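Q: Provided below are the primary sequence and the corresponding predicted coordinates.
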Amino acid sequence: MHVGTAVVFQNPGRMRPDHEVYRQELRLADLVEPLGYDSIWGVEHHFTDYTMCPDVLQFLSYMAGRTERINLGSMVVVLPWHDPLRVAEQVAMLDAMSGGRLILGLGRGAAKVEFDGFRLPMDESRPRFVESASMLLRGLESGFCEHTGDFVSQPRARIRPAPFKSFRGRTYAAAVSPESARIMAELGVGILIIPQKPWHEVAKELDAYRAMYREVNAAEAPAPIAAGWTFCDESADRAEAMARQYIGGYYQSVLEHYQFASDHLAKTRGYEYYGKMTEKIAQYGTDKVIDFFLGLQVWGTPEQCYARILDIRERVSNQAFVGVFSYAGMPYDEAERNMRLFAREVTPELKKLGGAAVAARTIGERERPQADIALGF
């Protein structure tokens with residue numbers, strides 16, 4: 001199994017100066033390759049404490065120059081906020097500089113504060129994404145971009161530096177709603193799973209996506225990539241306490257950034273599925289929703305973390321796991337300890353796994369019941 005880590009640059013409540021967050025997170029990023037991880041990922045967000053990485057490809061370009069081996073993943077580039085021709089150029093440039101190490105992740109965004117900041121209507125995000133992604137993906141294969149549509153009008157222009165390696169099989173997209181899954185199958189991209197809904201529901205939607213992918217592309221879909229907020233500790237009790245504090249704190253920041261207390265999502269075209277999530281959050285209450293989110297993530301002793309990832313793999317057949325180890329204002333010595341212990345005890349065992357999914361719950365995982373809640377961000 002491929003094992004990566006994401007750096008998210010959170011600064012909840014502005015606990016630290018922003019530049020200090022960058023200094024510390026980049027210090028952790030420099031550990032990723034020496035500790036034996038296979039990839040490093042960045043997450044694009046704007047304007048709030050939630051994730052202070054407004055240009056994920058710039059961050060990955062920095063990491064390309066500081067590493068030699070690991071893949072560089074975008075989780076994700078939010079296409080409606082960008083000129084897709086510029087994205088094509090940036091992607092091709094980063095891939096050339098890194099020797100073809102980029103894993104391209106794409107998305108359409110879901111936070112009103114970000115769309116407002118860019119002066120873009122949210123209800124156009126889905127068609128903007130489809131047009132931008134279609135042109136971008138064609139361009140990365142052909143070497144030029146050209147498109148005439150309702151939102152993207154691009155006369156033929158060459159991408160320089162020219163793409164030198166196909167992005168088929170290494171392009172993924174975050175898909176929360178069933179409608180998005182169909183779009184990703186039609187675009188021919190893999191699925192990036194950000195845990196936020198019951199695993200049985202994720203598995204069912206993946207089955208539908210794979211069937212659509214086979215129908216459209218006459219080929220099997222790429223295995224999905226699963227991410228997870230992770231806390232690994234030698235003590236099960238301490239791991240649970242820290243997970244509740246910091247993974248729970250992370251999800252509180254999700255609720256705030258995406259304004260889930262508001263009803264705007266239900267009223268915005270293309271976000272009806274998110275509107276239903278908002279209703280469930282109101283129905284169950286914040287504490288129960290945070291507990292549910294916690295149950296989807298990876299935390300515990302090394303043995304419990306390993307078993308939890310096997311359980312996820314059995315359900316969704318992912319061949320890559322991306323852990324997030326620093327978030328919600330966690331002290332950086334804790335984040336580093338978390339990251340190092342996982343790398344020492346869990347990563348080597350995950351890398352031994354073959355291509356087939358294996359039985360889960362083999363190392364004494366404590367069951368975490370899941371309510372039938374679906375969340376989204």
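A: Sure thing, it's come through.

Q: C-alpha only now, for contacts and for neighbours.
A: Noted.

Q: show me the residue at the heart of this structure, geometrically.
A: Met75 (4.3 Å; Cα atoms, centre = their mean).

Q: next, find the distance separating the residue nearest to it when sequence neighbours are not counted from Leu187.
A: Of all residues not flanking Met75 in the chain, Val43 sits nearest, at 4.7 Å (Cα to Cα, 6 or more residues apart in numbering). Here the criterion is Cα to Cα, to the nearest Å. By it, Val43 lies 21 Å from Leu187.

Q: comparing these two, which shows the higher neighbour count?
A: Val43 (23 against 20; other Cα atoms under 10 Å).

Q: ok so, going back, quick check: the residue nearest to Met75 touching Thr51?
A: Yes - with contacts counted by Cα atoms under 8 Å, Val43 reaches Thr51, the gap being 7.3 Å.

Q: overlap in contacts, these two.
A: Common neighbours of Val43 and Thr51, counting by Cα atoms under 8 Å, 6 or more residues apart in numbering, are Val8.

Q: all helices of the stretch 1-150 of the chain, in order?
A: 18-29, 56-66, 84-98, 112-117, 125-142 (DSSP state H, counting those that start in this stretch).

Q: could you check the angle the third one makes with helix 56-66?
A: It stands for helix 84-98. Per axes from the mean of the first three to the mean of the last three Cα atoms, to 10 degrees, the angle that helix 84-98 makes with helix 56-66 is 10 degrees.

Q: just checking, what packs against helix 84-98?
A: helix 56-66, helix 125-142 (3 or more Cα pairs under 8 Å, 6 or more residues apart in numbering; DSSP states H and E).

Q: please redo it, this time with the cut-off set to 10 Å
A: If you count contacts as 3 or more Cα pairs under 10 Å, 6 or more residues apart in numbering; DSSP states H and E, helix 84-98 packs onto helix 56-66, strand 71-74, strand 102-107, helix 125-142, strand 144-148, strand 153-158.

Q: in the second one, what counts as buried?
A: Spelled out, that is strand 71-74. 71-74 (16 or more other Cα atoms under 10 Å).

Q: how about stretch 34-52?
A: For stretch 34-52, by 16+ other Cα under 10 Å, it's 36-46, 48-52.

Q: what's the closest non-adjacent residue to Glu141?
A: Ser166 (6.0 Å).

Q: now the lengthiest strand in the chain: mean pLDDT?
A: For the chain, the longest strand by residue count, based on DSSP state E, is strand 225-232. Across strand 225-232, the average pLDDT comes to 98.

Q: check which residues of that strand are buried.
A: 225-232.

Q: endpoint to endpoint, stretch 156-167 covers what distance?
A: 20 Å.

Q: and if you look at stretch 264-277?
A: End to end - Cα to Cα - stretch 264-277 spans 12 Å.

Q: contacts for it?
A: 110-112, 121-127, 176-180, 197, 258-260, 262-263, 278-283, 373-377 (Cα atoms under 10 Å, 6 or more residues apart in numbering).

Q: which residues of the chain fall in strands?
A: In the chain, the strands defined using DSSP E lie at 2-7, 39-42, 71-74, 77-78, 102-107, 144-148, 153-158, 171-174, 190-193, 225-232, 298-300, 320-324.

Q: can you redo those strands as JSON lines with distance to Glu215?
A: Listed next are the strands of the chain as JSON lines, based on distance: least, Cα to Cα, whole Å:
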{"stretch": "strand 2-7", "distance to Glu215": "27"}
{"stretch": "strand 39-42", "distance to Glu215": "31"}
{"stretch": "strand 71-74", "distance to Glu215": "27"}
{"stretch": "strand 77-78", "distance to Glu215": "27"}
{"stretch": "strand 102-107", "distance to Glu215": "22"}
{"stretch": "strand 144-148", "distance to Glu215": "25"}
{"stretch": "strand 153-158", "distance to Glu215": "29"}
{"stretch": "strand 171-174", "distance to Glu215": "18"}
{"stretch": "strand 190-193", "distance to Glu215": "15"}
{"stretch": "strand 225-232", "distance to Glu215": "21"}
{"stretch": "strand 298-300", "distance to Glu215": "34"}
{"stretch": "strand 320-324", "distance to Glu215": "24"}
